[in-house]
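S.K.: got a sequence here, can you build the structure:
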Amino acid sequence: MRNTVVIALGTLVLGFLAPIVLALLINQIGSKGVKGFVQTITYMPHFISTVVMVSLINIFLDPNTGMIGKLFPGQILMESTNAFAPIYWLTEVWQHCGWNAIIYLAALSAVDTSLYEAAKMDGAGRLQLIRYVDIPTILPTCIVLLIMNMGSVLAVGFEKVWLMQNAMNLPVSEVISTFTYRIGIIGFQFSYGTAIGLFNTIINFIFVVTANYISKRVTETSIF
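M.R.: Numbers count the residues shown, from 1 in each chain. Here you go, the predicted structure:
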């Protein structure tokens, strides 16, 4: 449970903020050609399968041949209990940040250009445009997506964690989904595995309802 919460919260925070920052930066690019190129490069990793992604992680972090692993001599990062969660967080952001930024870019495309012109006439720079025009525009979208993401706080992806696990990092990599697989499928305790899955679903549902209630009271934006 602790491992699941640590990995899930880190993924939620970074996976929520990174696409917003990326979308705001891409929106500041003036050239359509450059903007399209940057968008393509950033969302291409989203289409890499989980198996290939974990293979790339192992290659990059190899202590002998990996270009990142060589920066940490004497350490095998994939076996480190301290490095497992950061590796998971950063690779999740790298793989999905560009794809998740598309919806924010769509919201930013609806901004009235006259707002930018008026702000520039008042002496606003790029940071002021982002703060007073862009962020208020995408804020409702951010809130809705955050509420929806709260429904998967404890639903840490099984495939990636399972493929990244080994005997050395197991104390920090065992999450609810992999534990359910070991108990329910490998251990043939189907009723116990089902109970764990039901518990996970109920907790996620409570998170969604709570986040929606708080958002509705504070910002008057909600999904139901």
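S.K.: can you give me the helices for this protein?
M.R.: 2-27, 32-43, 50-60, 84-108, 113-121, 126-129, 135-149, 158-164, 170-173, 176-180, 190-218 (DSSP state H).
S.K.: only the buried residues of the fifth one, if you could.
M.R.: Right, the one you point to is helix 113-121. By neighbour count on 16 or more other CB atoms under 10 Å, the buried set for helix 113-121 is A119. Using the backbone N, CA and C atoms, a C-beta is placed for each residue, glycine as well.
S.K.: summarise which helices and strands that helix is packed against.
M.R.: Helix 113-121 makes packing contacts with helix 126-129 when contacts are defined by 3 or more CB pairs under 8 Å, 6 or more residues apart in numbering; DSSP states H and E.
S.K.: any buried residues in the helix it packs on, and which?
M.R.: In helix 126-129, counting by 16+ other CB under 10 Å, buried: L129.
S.K.: same deal with stretch 176-185?
M.R.: 176-178, 180, 183-184.
S.K.: what do you get for stretch 75-92?
M.R.: Quick answer for stretch 75-92 (16+ other CB under 10 Å): 76-78, 80, 83-85, 87-89, 91-92.
S.K.: widest-spaced pair of those?
M.R.: I76 and E92 (21.0 Å; CB to CB).
S.K.: R182 and Q165: what is the separation?
M.R.: Distance of R182 to Q165, given as CB to CB, to the nearest Å: 10 Å.
S.K.: got it, and S114?
M.R.: S114 sits at a distance of 54 Å from Q165 (criterion: CB to CB).
S.K.: restricting to C-alpha, output the helix or strand of the chain with the lowest mean pLDDT in CSV.
M.R.: In the chain, no helix or strand scores lower on mean pLDDT, DSSP states H and E than helix 113-121, which sits at a mean of 82. Only the C-alpha atoms of helix 113-121 are listed here, as CSV (Å, rounded to 0.1, in the frame of the first residue of the first chain):
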residue,chain,number,x,y,z
THR,A,113,-6.1,36.8,-29.9
SER,A,114,-7.4,40.3,-29.0
LEU,A,115,-6.6,39.4,-25.3
TYR,A,116,-2.9,39.0,-26.3
GLU,A,117,-2.9,42.2,-28.2
ALA,A,118,-4.5,44.1,-25.4
ALA,A,119,-2.1,42.7,-22.9
LYS,A,120,0.9,43.5,-25.1
MET,A,121,-0.3,47.1,-25.5
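S.K.: what's the offset of it from the middle of its chain?
M.R.: 33 Å (CA atoms, centre = their mean, to the nearest Å).
S.K.: list the contacts of that helix.
M.R.: Helix 113-121 is touched from outside by 128-129, 132-133, with contacts defined as CB atoms under 8 Å, 6 or more residues apart in numbering.
S.K.: what of stretch 67-81?
M.R.: Taking CB under 8 Å, 6+ apart as the rule, stretch 67-81 contacts 57-58, 60-64, 83-84, 87, 164, 166, 168-169, 171-172.
S.K.: give me that answer again for 6 Å
M.R.: 60-63, 83, 168-169, 171-172 (CB atoms under 6 Å, 6 or more residues apart in numbering).
S.K.: tabulate these (CSV), appending distance to M1.
M.R.: Shown next, in CSV, are those (distance: CB to CB, whole Å):
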residue, distance to M1
F60, 30
L61, 27
D62, 32
P63, 31
A83, 21
M168, 21
N169, 17
P171, 13
V172, 13
